[in-house]
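Enquirer: Build me a model:
(chains A and B)
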Amino acid sequence: MSESTIAPQQASTPAQPGDLTDSLVATDVWTDQMLADAGIPVVDVPFVTVGGGIGSFVTVDYLRICGVPTSAMRVLTPLKTPWESYEYLTTVSQIPRGERLRSDSSSCPDNIWGFPSYAVREALQGDLKQAWNVLVEPIFANYYTPRAGHAFESMEKEMHRIRYPEMVVTGQVRMVRRRAGGGYFTVLTPPEGATPTRRIAYRSQWVHIAIGYPGLKFLPDLQRYRSRYGDYSRVVNAYERHEHVYERLHQRPGTILVRGGGIVASRVLQRLIDDRDQRGLQTQIVHLFRTYVDRPHGTGILKRRKGADGWAYQGFNYPKSVWGGQLKQQVRDSEGPERKRLYEEMGGTNTPVRKDWQEQLRRGRAEGWYRVVIGQIDEFRPAGDLVEVTVSTPDQGRHVGTFDAVIDCTGLEADIREHRVLADLLDHSNATRNPVGRLDVGRDFEVTGTRNGGKMYASGSATLGGPFPGVDTFFGLQIAAQEIADDLIRQGFAQKLGPGRSTSQWWKWVRNKQI
Amino acid sequence: MLPTLNGRIQTRVFLLAVVGSIWTLLVTPVLPTGASLGASYGATFSVLLVVLVLGVLWELVYHGLQQFRWEKDWPTLFGLLTGVPEGLLVWFLFAGGALWIDSLSGPAFAIHFVSTWLIVWLVANGPMRVPFIHWRINGGRLI
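Expert: Below is the predicted model:
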């Protein structure tokens, strides 16, 4: 039992009625009486999903289509809309609504069938170029990807169609515990003043955990700089708001260090170069790669990924067949070290090939305002108004440079224990870690070890490393939703989605008929 | 598409047997075969059968080629263009007298083969997912 999960800050100050007690916090399996004694009201509902982001949304969407009524499900969430958190991350990492995501045309979180795909929908609205694109990709065109705004607007439409708002309960989930006699209690902290008690418990047979990224982790050098110099504005991570960096470049010319070789680095470079082109700025860019990929690479002739100019190139964040084809099957059939090896083979930072990005960087190299350095940062130090950066290079020793700002585009995910709902599951509900250290789930996304009369499922980033690799993507969340729904159908909670029901439900989707 | 070998074969057999047969039933009467309706049906369904049987062998080749792709995917365009060698092979077998079909003119064969290929390809790239919601995540397997 860890300190982090047994000491909620409010437990010692029970000013408001209906709060957690020390005894509840310390007990793994709760009885109904324990909650009654603590004065925490209990709400009965068969299925709750915790998180309320896109993972919860697509799961509830699937179950609604399988005939589950809104009264049988609750979405426990602090979010106003399912895409709120996702949109925040895409916006700060330079993908506002008008820009295109990195997602396949038929990965549609508003449509479980993926048909008509986003490209077909754009074509139906007159943009035939998009249909041509999906026809010839990736051979004669870069992969089509939808606009962020298109994904959000279509989700909004589906949200109303399935009467999602009726299922939403606002608040922060504190923990999920097993219930003596079967099922689970999910403890929600509603917004202050919204309810007479500090907590509410949802008693359910099934729980779905979809809390998204456990947290963002910055590299130690960045953390060290911040804690030593207290400067949060000149060395920024691309997943934080950092608009001030671009604004400052509008006021005076500057040199920026960009670190990283992934999609976010691509987008940040595009933003810097777009600003340069559109506003006539004189921004100088130094791009730091830790690993410089100069050619196709891999473990054999049948496993060779494209690469050039420092970047490893791949259409999406995994090789495409993890979402249905050979690699999906292969990983599904693997366990332990074999699965870990497969993850490693297809892992590594990468970015898609996009013509406009290639053109910008080619021009930057030719004109001398985009330069590449290979190495690792040893140290950041403030130097007047600038940041002094020391880089160790593999063959030319240490280099020191000064920059107006550093945009760190490395995105490390925090350990699952950083999220207290997950930490609580590890500490009190027998949940375990998978071969890559995240939450272990089975093929049907049941959280291993937590079965208790009902079942607990999880999907999304926290389950990476499981029998299905592409978990933290639109389609990956839908695949998880399908596996979960199939398992719930077997338990009698939802109706089978055979060809007849599937087709009639699809037709309702086409007509935007509310269900 | 993201097929496994098993999924490729199942999809091929299902789509040609169901979608291909329905289309063949509809289109055969208007083909310029110059033969009786019975003989025309005999010829067009024979073509369909040959495409299906040879197709299973072709799928082995495609699966082999797919192994050289990092993504282990099969781009939409490949699914369309593979109709060219497949159609030519069937036609050469037919024209060379290697098959029992002897009452189908060149234009009738071309119209039938190309239209069937296009329809099957279109269905595989979208509508198939409507009734068979598990199909695309199961590598094209139906069972």
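Enquirer: contacts, neighbours, all on C-alpha from now
Expert: OK.
Enquirer: What parts of chain B come near chain A?
Expert: Within chain B, the positions adjacent to chain A are B:2-4, B:67-73, B:75-77, B:126-127, B:129-133, B:136-140 by CA under 8 Å from any CA of the partner chain.
Enquirer: So among those residues, which ones count as buried?
Expert: Neighbour counting with 16 or more other CA atoms under 10 Å in any protein chain shown marks B:2-4, B:67, B:69-73, B:75-77, B:126, B:129-133, B:136-140 as buried within these.
Enquirer: on that earlier part again, taking the residues of chain B next to chain A one by one, which sit in helices?
Expert: B:76-77 (DSSP state H).
Enquirer: Please enumerate the helices of the stretch 1-150 of chain A.
Expert: A:3-6, A:22-26, A:32-38, A:54-65, A:84-92, A:118-124, A:128-136, A:148-161 (DSSP state H, counting those that start in this stretch).
Enquirer: most packed of those helices?
Expert: Most buried of the helices of the stretch 1-150 of chain A, by mean neighbour count (mean count of other CA atoms under 10 Å in any protein chain shown): helix A:54-65, with a mean of 26.
Enquirer: For the residue of the stretch 351-500 of chain A found nearest chain B, which non-adjacent residue is spatially closest?
Expert: Of all residues in the stretch 351-500 of chain A, the one sitting closest to chain B is residue A:499 (4.0 Å; CA to the nearest CA). Spatial nearest neighbour of residue A:499, excluding adjacent residues (CA to CA, 6 or more residues apart in numbering or on different chains): residue B:131 at 4.0 Å.
Enquirer: cool, and residue A:328?
Expert: Residue A:328 sits nearest to residue A:322 (CA to CA, 6+ apart), 4.2 Å away.
Enquirer: Let me see the contact set for the one you found.
Expert: Residues near residue A:322 by CA atoms under 8 Å, 6 or more residues apart in numbering or on different chains: A:328-329, A:468-470.
Enquirer: Show me what the helix or strand of chain B with the lowest mean pLDDT is packed against.
Expert: Lowest mean confidence among the helices and strands of chain B (mean pLDDT, DSSP states H and E): helix B:83-95, at a mean of 92. Judged by 3 or more CA pairs under 8 Å, 6 or more residues apart in numbering or on different chains; DSSP states H and E, helix B:83-95 is in contact with helix B:37-66, helix B:106-124.
Enquirer: Need those in TSV (columns: distance to residue A:338, mean neighbour count and mean pLDDT).
Expert: Formatted as TSV, these follow (distance: least, CA to CA, whole Å; neighbours: other CA atoms under 10 Å in any protein chain shown; pLDDT from 0 to 100):
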stretch	distance to residue A:338	mean neighbour count	mean pLDDT
helix B:37-66	22	17	95
helix B:106-124	33	18	96
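Enquirer: Would you tell me which residues of chain A are close to chain B?
Expert: Counting by CA under 8 Å from any CA, the residues of chain A near chain B are A:112-117, A:134-138, A:301-305, A:319-321, A:323-327, A:329, A:479, A:497-503, A:506.
Enquirer: Among the residues you listed, which ones are in strands?
Expert: If you go by DSSP state E, the residues of chain A next to chain B have A:303-305 in strands.
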